[in-house]
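*Asks:* Here's a sequence, model it:
(one chain, ligands or ions: 2)
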Amino acid sequence: ISRASSQRPGDHTGRRHDMLSEKSRPIIEATLPIIAERINDITPDFYRRMFAARPDLMDGMFSRSSQLEGTQPRALAGSIAVFASYIVEHPDSYPDEVLSRVAHKHASLGLKEEEYPTVYKYLFEAIAANLGDLATPEIVEAWTEVYWLMGNALIKLEKGLYASQANDVMFAPFKVVDRKETGENVVVLTFEPADETPMTESKGGQYISIVVPARDGLRQARQYTLLPSEKNQRRIGVKLDPNGEMTSILHELKIGDVVEISNPYGDLTLEGFGNPEAPLYLFSAGIGTTPMLSFLSELIEKGSQRPVTVVHADRRLDTWPLREELTELVNKLPNARLISFIEGEGGDYTGRVDVSKLDVPANANVYLCGPLPFMQGVRSALVEAGVPGKNINYEIFGPDQWMLHDQAREA
Ligand code: FAD
Ligand code: HEM
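*Replies:* Ligands and ions are numbered 1, 2, ... in the order given. Okay, the predicted model is just below:
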């Protein structure tokens with residue numbers, strides 16, 4: 001993050017961000033270890049308190065499964081501890097990429113500024129309960145400052161994201177106009193607007209939140225990467241999760257059914273990442289292919305001459321979702337090739353992705369999407385092969401395991 005290049009015009013201090021006060025800095029430094037150690041006890045209590053007072057936040061906003069699984073509580077509260085240690089170590093900057101990811105996720109859920117005091121209230125009640133006598137007024141004040149530095153940075157980003165949309169609604173009704181099965185337990189759904197709300201054009205790699213009632217009627221939001229589509233459509237590929245709550249419901253949608261869909265969000269796009277001329281490597285496994293299709297479609301539309309290598313891993317050829325569509329897209333790009341690693345027969349290679357077979361150049365720009373162990377494996381192999389960690393971008397189909405993101409950025 002370059003300070004010089006990121007100064008806002010008109011900011012006379014030359015600073016982009018509000019900074020942690022000199023008074024709070026030593027207190028945060030001294031209490032970071034104890035907060036980090038206790039955060040996993042604090043967060044379940046925070047959510048218990050918040051949902052007891054505000055059960056409506058579970059209706060169409062928070063994912064019930066993320067709560068049960070514990071991934072989301074760790075992500076939200078853990079991120080505040082990570083943010084604090086970042087601004088203590090880098091007083092002049094914020095972890096921008098990380099804030100951006102969260103702001104896009106929040107905006108896709110229609111999060112409003114007014115809810116920030118809600119999270120503050122119940123989070124700090126839980127902190128006070130956990131720390132007991134240790135929670136002196138000075139400590140609470142210093143952490144309150146950190147909460148609002150992060151909260152205000154997110155609010156600002158979210159406002160900017162809302163303002164860049166073609167409409168001012170958080171969700172609009174869309175009806176199913178087409179559905180097709182592909183691969184194993186993947187359904188591709190195409191939607192068109194069910195009212196007059198203008199649609200924001202999406203960028204390759206972006207996603208929407210889709211809200212549908214769960215079996216007991218509680219509305220639940222989930223994110224799906226947008227597939228290439230006509231401008232007046234939204235198209236997604238949904239992999240059935242046998243342990244999940246919403247995918248079986250999405251799989252039952254029929255032509256004519258109406259759902260609520262957000263504007264497109266997500267910062268894992270081609271633009272703004274690395275050198276736009278550098279050889280592009282897209283690694284996916286299973287349903288992780290979805291963002292790659294949109295990247296390819298965008299490159300085709302732009303008449304790109306960029307060298308692109310698409311590497312896909314799957315169990316069998318017939319479990320590979322959207323294989324024909326991907327192959328067609330690759331064939332339309334002048335300098336693109338497709339390499340498959342299939343555990344069964346019929347791929348270019350048999351077995352799991354072996355980066356050593358690919359001769360990835362050190363200046364490659366890489367995108368990864370698939371299960372976490374797949375991404376971690378490919379990423380370490382690439383780093384070992386000389387590709388700098390900062391050139392490797394990835395999408396996680398769930399709440400970010402924060403530490404992975406942080407380590408990835410530092411490599
Ligand atoms: P959930 O109900 O969310 O459950 C997920 C997991 O939580 C389950 O597997 C299970 O392990 C656990 N769980 C559920 N209930 C419980 C419980 N009671 N107790 C304990 N654990 C539980 N998916 C796609 O298919 N295609 C895409 O293109 C796509 N793009 C995405 C893009 C982004 C940016 C993100 C964040 C996600 C994307 N996803 C995509 C994933 C998608 O949003 C959903 O997470 C996924 O479809 C599973 O939804 P679900 O409701 O069936 O599962
Ligand atoms: C998701 C941080 C405020 C609602 C997240 C994530 C983080 C985070 C790190 C995970 C992002 C990912 O998917 O990788 C924060 C911080 C906040 C804050 C630091 C305050 C400073 C809020 C508020 C609300 C909220 C005020 C609403 C009341 C959500 C929801 C999700 C989310 C609904 C998606 C999780 C899910 O699907 O259940 N937030 N958040 N957040 N946040 Fe926040």
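
*Asks:* Please spell out which residues along stretch 88-99 are buried.
*Replies:* 88, 93, 94, 95, 97, 98, 99 (16 or more other Cβ atoms under 10 Å). Yep, even glycine has a C-beta here, placed from its N, CA and C like the rest.

*Asks:* Report whether the helix or strand where residue 39 lies contacts ligand 2.
*Replies:* Element membership for residue 39 (DSSP states H and E) is helix 24-53. No - applying Cβ under 6 Å from any ligand atom, one finds helix 24-53 out of contact with ligand 2, separated by at least 7.6 Å.

*Asks:* which secondary structure elements does whichever helix or strand comes after that helix contact?
*Replies:* Following helix 24-53 in sequence order, the next helix or strand is helix 64-69 (DSSP H and E). With contacts taken as 3 or more Cβ pairs under 8 Å, 6 or more residues apart in numbering; DSSP states H and E, helix 64-69 sits against helix 71-89.

*Asks:* packing partners for the helix it packs on?
*Replies:* Counting contacts by 3+ Cβ pairs under 8 Å, 6+ apart, helix 71-89 is packed against helix 24-53, helix 64-69, helix 96-108, helix 116-131, helix 137-163, helix 402-410.

*Asks:* check whether it contacts ligand 1.
*Replies:* No - residues of helix 71-89 contacting ligand 1 under Cβ under 6 Å from any ligand atom: none, with a closest distance of 7.7 Å.

*Asks:* I'd like to check the angle between that helix and helix 116-131, please.
*Replies:* Angle of helix 71-89 versus helix 116-131, following axes from the mean of the first three to the mean of the last three Cα atoms, to 10 degrees, is 90 degrees.

*Asks:* Identify all contacting residues around helix 71-89.
*Replies:* 19-20, 25, 28-29, 32, 35-36, 39-40, 42-44, 46-47, 62-63, 66-67, 93-95, 98-99, 102, 119, 123, 143, 146-147, 149-150, 398-403, 406 (Cβ atoms under 8 Å, 6 or more residues apart in numbering).

*Asks:* could you give the angle of that helix to helix 24-53?
*Replies:* Using the same axes, to 10 degrees, helix 71-89 lies at 160 degrees relative to helix 24-53.

*Asks:* chain center to helix 71-89: distance?
*Replies:* Its chain's average C-alpha position is 16 Å from that of helix 71-89, according to Cα atoms, centre = their mean, to the nearest Å.

*Asks:* roughly how far apart are the closest residue to residue 266 other than its chain neighbours and ligand 2?
*Replies:* Setting aside the residues directly before and after it, residue 266 is nearest to residue 206 in space (Cβ to Cβ, 6 or more residues apart in numbering), at 4.1 Å. Remark: distance between residue 206 and ligand 2 (Cβ to the nearest ligand atom, to the nearest Å) = 14 Å.

*Asks:* Does residue 206 touch residue 270 like I think?
*Replies:* No - between residue 206 and residue 270 there is no contact, the gap being 10.8 Å when judged by Cβ atoms under 8 Å.

*Asks:* Kindly tell me how buried the residue of the stretch 51-200 of the chain found nearest ligand 1 is, as a neighbour count.
*Replies:* Residue of the stretch 51-200 of the chain nearest ligand 1, by Cβ to the nearest ligand atom: residue 65 (3.2 Å). Number of residues near residue 65 (other Cβ atoms under 10 Å) recorded here: 18.

*Asks:* do whichever strand or helix holds residue 223 and ligand 2 meet?
*Replies:* Using DSSP H and E, residue 223 sits within strand 219-225. No - with Cβ under 6 Å from any ligand atom as the criterion, ligand 2 is not reached by strand 219-225; the gap is at least 6.6 Å.

*Asks:* Show me the contact partners of that strand.
*Replies:* By Cβ under 8 Å, 6+ apart, strand 219-225 touches 59-61, 63-64, 105, 108-109, 205-214, 236-238, 245-247, 250, 260, 262, 266, 290-291, 294, 395, 397.

*Asks:* give me that answer again for 7 Å
*Replies:* 59-61, 63-64, 108-109, 207-214, 236, 238, 245-246, 290-291, 294 (Cβ atoms under 7 Å, 6 or more residues apart in numbering).

*Asks:* so how far is it from its chain's centroid?
*Replies:* For strand 219-225, the distance from its own C-alpha centre to the chain's C-alpha centre is 12 Å (Cα atoms, centre = their mean).

*Asks:* before we move on, the earlier item: which of the contacts of helix 71-89 count as buried?
*Replies:* 19-20, 25, 28, 32, 35, 39, 42-43, 46-47, 62-63, 66-67, 93-95, 98-99, 102, 119, 123, 143, 146-147, 149-150, 399-402, 406.

*Asks:* Report the buried residues of the longest strand along the chain.
*Replies:* If you go by DSSP state E, the chain has its longest strand at strand 171-182. The neighbour-count criterion (16+ other Cβ under 10 Å) identifies 171, 172, 174, 175, 176, 179, 182 as the buried residues of strand 171-182.

*Asks:* what about the third one, distance to residue 396?
*Replies:* Using Cβ to Cβ, to the nearest Å, residue 174 is found at 25 Å from residue 396.

*Asks:* and the stretch 151-300 of the chain, which residues reach ligand 2?
*Replies:* 151, 154.
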